[in-house]
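Undergrad: This is a predicted model, with the sequence first.
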Amino acid sequence: MSEQLSVRLRTILTLDPPASAIEYHGAWTDWATLHGVATGVEHRLAAAGLGAGSPVGLVLRNHPAMVGALIGVLLSGATVVTLNAAHGDAGLAADIAELNLAAVIATDADWRRPGLLDAASGALGLSATLDWPAVTVLPGLGVAGPGPFRSEPDGVAVEMLTSGTTGPPKRIPLTYRSFERTVAAASTHYSAAGDQAPRLRSGVAIVAAPLVHMSGLFRTLLNICEGRRIALLERFTVAEFVDAVQRHRPRAVSLVPSAMAMILDADVAPDVFAAVDVVTSGTAHLPVAVQEEFEQRYGVAVLPSYGATEFAGGVAGWNLALHRQWAQAKRGSVGRPQRGREIRITSLDNDAGVGPNVQGRIEVRTHGGDWVRTTDLGRLDADGFLYVDGRTDDVIIRGGFKVAPGDIVKALRSHPGVRDAGVTGLPDRRLGAIPVAAVEPAAGVHVDPGELLGFLRERLTRYQLPARILVVDELPRTASLKVSQPALRDLFSQNQEVHT
């Protein structure tokens, strides 16, 4: 994408105002309404003297009005500070009060939640709706107070919350330029024609990931920038997703690995995916067994990808051309670097580069900038395909031995009775730390912890064996459906009978 993000968005919004833009709960919002919300936010912010660099909190939920509000803040040049509508009332109010925001935007329903109006005191308060007027000022929150407000670096588009997989969510500043580059890279990577001209397209993209997380926000912005209609789900459920696929018959859909497993477990009929050619998948590890079963049952190409909040989306991935040539030979890989991205692997011991198929820390460079360390472990093979093996920051030091939880998870997932697994470390007085595992059984299957431990003994070293295996109905997950490490540790803290 050559033009600035704001120019692209403004162009798309005005190409055909009466045309359908976003479907939500069976009703369509047109581009004119979306444009009305966006420009309403933009004008209200400008009237309050807020613009470039001003921190604007968005209480994000999957709703067309909040998509319009998101676009409006980006048009204004201000910084979106993401707030999770799924938080409890007290937690959300505390976040707003602590962030020193110049403005807060939410739906009417969220503004009615206890404590929010008081928490936003000193900020401009705006309500976004699909009715007219699209944007209104909250009583008592008509102006931004004297501050001081949250300080933002120049050019930051979004302060994005990480998913909180390994600990408390962190805020990552993402620039307007990084969003432009990521949208351009994704468009080129997945498009056979590389068509970048602004136009409205006939297809419909299904978005079920939360807007408050990178996957949902990026996929929404990408499809709007490409002029593609969106079927926006409030949250992922198998029934609603299947309904959307059957009605809209998209050629490509996006599913996180756990959603793919849910569809398989629900025994969704193959003809539901009759029109689908491609399923992209990211945000978490995709077990090879799930990928292969999904491809065989539904006759689609499953394209794993790798990205991070820090890079505003995708870094590496598969496309159809790569899948046709390499699918069988490179099972388990997350693909090759996307355009403008470089990946290297460095040693955890001395930071030196390592050769093909040697595990180390994944580092990423975008558009010739500086190399950025990730917290991910991985390998690059001789053909440039990336394999992600786990994280560097969850390595468990057990009596001096390094244990990578990803190795244990991979072994557990290979058991036919295991749908998914999570591994974390717990402190231990004698050994320093010990690995423990929670297992989610496959549908209708009973698994015994003792039998699983025997299974692992044949596949892992002694020091890698989990000190305890807990079988649960469902693994605790973040809103982006990754296994939550803090919640996983809580499961084991409720029962201290762990033996080493």
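TA: Perfect, thanks for sending it.
Undergrad: what's near enough to touch the closest residue to Arg344 other than its chain neighbours?
TA: Spatial nearest neighbour of Arg344, chain neighbours left out: Glu363 (5.2 Å); criterion: C-beta to C-beta, 6 or more residues apart in numbering. (C-beta placed from N, C-alpha, C; glycine too.) Neighbouring residues of Glu363 by C-beta atoms under 8 Å, 6 or more residues apart in numbering: 343-346, 371-374.
Undergrad: farthest-separated two in these?
TA: Ile345 and Val372 (13.6 Å; C-beta to C-beta).
Undergrad: Have a look at these two and say which one is more surrounded.
TA: Comparing Ile345 with Val372 by other C-beta atoms under 10 Å, the one with more neighbours is Ile345, at 21 against 13.
Undergrad: show me what contacts the more buried one?
TA: With contact taken as C-beta under 8 Å, 6+ apart, Ile345 is in contact with 353-354, 358-363, 378-380.
Undergrad: coming back round to it: can you pull the buried residues of the helix or strand hosting the residue nearest to Arg344?
TA: Assigned by DSSP states H and E, Glu363 falls within strand 360-366. Neighbour counts over strand 360-366 (16 or more other C-beta atoms under 10 Å) mark 360-364, 366 as buried.
Undergrad: Test my guess that Pro250 contacts Ile206.
TA: Yes. Counting by C-beta atoms under 8 Å, Ile206 is a contact partner of Pro250 at 6.2 Å.
Undergrad: Of those two, which one has the most company?
TA: Ile206 (24 against 21).
Undergrad: hang on, that one in a helix?
TA: No. Applying DSSP: H, G, I helix; E, B strand; the rest coil, one finds Ile206 to be strand, outside a helix.
Undergrad: Which strand residues bridge it?
TA: Beta-bridge partners for Ile206, by DSSP bridges, are Ala231.
Undergrad: Am I right that it is in contact with Arg228?
TA: No. Assessed by C-beta under 8 Å, Ile206 is found out of contact with Arg228, at 10.7 Å.
Undergrad: So this structure: which segments form each domain?
TA: According to automatic domain parsing, the chain is divided into the following domains: 5-176, 236-392, 395-493.
Undergrad: burial of Val245, as a residue count?
TA: Neighbours of Val245 under the rule other C-beta under 10 Å: 21.
Undergrad: For it, which non-adjacent residue is spatially closest?
TA: Val245 sits nearest to Val272 (C-beta to C-beta, 6+ apart), 5.7 Å away.
Undergrad: So that neighbour is in contact with Gln246, correct?
TA: Yes. Taking C-beta under 8 Å as the definition, Val272 is a contact partner of Gln246 at 6.0 Å.
Undergrad: Which residue ranges of the stretch 201-350 of the chain form helices?
TA: Along the stretch 201-350 of the chain, the stretches classed as helices by DSSP state H, counting those that start in this stretch are 214-225, 238-248, 257-265, 288-298, 320-326.
Undergrad: Please enumerate residues in contact with the last one?
TA: Which is helix 320-326. Helix 320-326 has contacts (C-beta under 8 Å, 6+ apart) with 192, 277-278, 301, 303, 333, 335-336, 383, 385.
Undergrad: Just the mean pLDDT for it, thanks.
TA: Across helix 320-326, pLDDT averages out at 95.
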